[in-house]
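Student: whatever this is, show me its structure:
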Amino acid sequence: MTVEIPGYVAGTWDIDPVHSDVSFVVRHLGLTRFRRGVEKFGGQIVTAPDPLDSAVTATVDLTSLDTGLESFNRHLAGAEFLDLDNHPTAEFRSSALRVEDDGFALDGELSLRGAARPVRFALELLGFGTGINGDQKVAFSAAATIRRSEFGIVFDSKLPDGRLIVGEQVQLLLEIEAVLRADVTG
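Tutor: Numbers count the residues shown, from 1 in each chain. Now for the predicted structure:
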């Protein structure tokens, strides 16, 4: 199946962390949706001549996670949660891309806290275009839901009424802008 994408450009793209966002959402106290992000991340997108042969690799520096509350940052960094002393990064490597519904599904492997598990992102291609400085840009939105216990995060403290303090499901949200690498052959 050939996929037609307006303005499509094949090439190698570097994720622009200044114009991108990597965040997560988890239920807190069984009530709110607690959303926070990381400041340091990077990666590469290779758009192949056939769009469905494209690939993504990314690394997230989990030590750059900031909840806005230092005591909570320390708790998340500790062994009950992310164990950042032993696992300071999370990595993603895609394995397949396919058309699904009105967008794409991006399958891959997420390595987090020493565990590698398959993850499927619902991916929306936002488009290809030219930036202010004349550089080529591409933008995507992506979302996936993981179960934290599958990655060894088994913190299960509950309130007296039985609600989890921190929910089991974690939504990963990505807003990515990437820049086409300059041709270095010429």
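
Student: show me the contacts for residue 22.
Tutor: 37, 38, 41, 60, 172, 173, 174 (C-beta atoms under 8 Å, 6 or more residues apart in numbering). (Each C-beta comes from the backbone N, C-alpha and C, glycine too.)

Student: dump the helix or strand hosting it to CSV, keeping only the CA atoms.
Tutor: Assigned by DSSP states H and E, residue 22 belongs to strand 21-28. Taking C-alpha atoms only, strand 21-28 is exported to CSV below (Å, rounded to 0.1, in the frame of the first residue of the first chain):
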residue,chain,number,x,y,z
ASP,A,21,7.4,18.7,24.4
VAL,A,22,7.6,15.3,26.1
SER,A,23,5.3,14.9,29.0
PHE,A,24,3.3,12.3,31.0
VAL,A,25,-0.1,12.2,32.6
VAL,A,26,-1.0,10.1,35.6
ARG,A,27,-4.0,10.1,38.0
HIS,A,28,-3.2,11.5,41.4
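
Student: run the chain-centre distance for it.
Tutor: 11 Å (C-alpha atoms, centre = their mean, to the nearest Å).

Student: residue 86 against residue 114, yeah?
Tutor: Yes - counting by C-beta atoms under 8 Å, residue 86 does reach residue 114; the two are 7.0 Å apart.

Student: what are the boundaries of the strands in the protein?
Tutor: Under the criterion DSSP state E, the chain contains strands at 11-15, 21-28, 32-38, 41-47, 55-61, 89-100, 103-112, 115-130, 136-147, 166-180.

Student: now the first one: buried residues?
Tutor: The neighbour-count criterion (16 or more other C-beta atoms under 10 Å) identifies 11, 13, 15 as the buried residues of strand 11-15.

Student: pick the one among these closest to residue 81.
Tutor: For those, the minimum distance to residue 81 (C-beta to C-beta) is 25.0 Å, reached by residue 15.

Student: tell me the bridge partners for the closest one.
Tutor: When bridges are called by DSSP bridges, residue 15 pairs up with residue 178.

Student: when you give positions from now on, start the count at 72
Tutor: Taking 72 as the first residue, the last one we looked at is residue 86.

Student: show the pLDDT at it.
Tutor: We have a pLDDT of 96 for residue 86.

Student: do residue 234 as well
Tutor: At residue 234, the model reports a pLDDT of 65.

Student: with only the CA atoms kept, save stretch 201-217 in PDB.
Tutor: Backbone C-alpha positions of stretch 201-217 (Å, rounded to 0.1, in the frame of the first residue of the first chain) are rendered in PDB as follows:
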ATOM      1  CA  THR A 201       9.800  25.500   5.900                       C
ATOM      2  CA  GLY A 202      10.900  27.200   9.000                       C
ATOM      3  CA  ILE A 203      11.700  30.900   9.600                       C
ATOM      4  CA  ASN A 204      15.400  30.400   8.700                       C
ATOM      5  CA  GLY A 205      14.500  28.400   5.600                       C
ATOM      6  CA  ASP A 206      15.200  25.000   7.200                       C
ATOM      7  CA  GLN A 207      12.900  22.000   6.500                       C
ATOM      8  CA  LYS A 208      10.700  21.000   9.400                       C
ATOM      9  CA  VAL A 209       8.300  18.200  10.200                       C
ATOM     10  CA  ALA A 210       5.900  18.000  13.100                       C
ATOM     11  CA  PHE A 211       4.100  15.100  14.800                       C
ATOM     12  CA  SER A 212       1.800  14.500  17.800                       C
ATOM     13  CA  ALA A 213       1.900  11.100  19.500                       C
ATOM     14  CA  ALA A 214       0.300   9.400  22.500                       C
ATOM     15  CA  ALA A 215       0.600   6.100  24.200                       C
ATOM     16  CA  THR A 216      -0.600   4.600  27.500                       C
ATOM     17  CA  ILE A 217       1.600   2.300  29.500                       C
END
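
Student: all good on my end, thank you.
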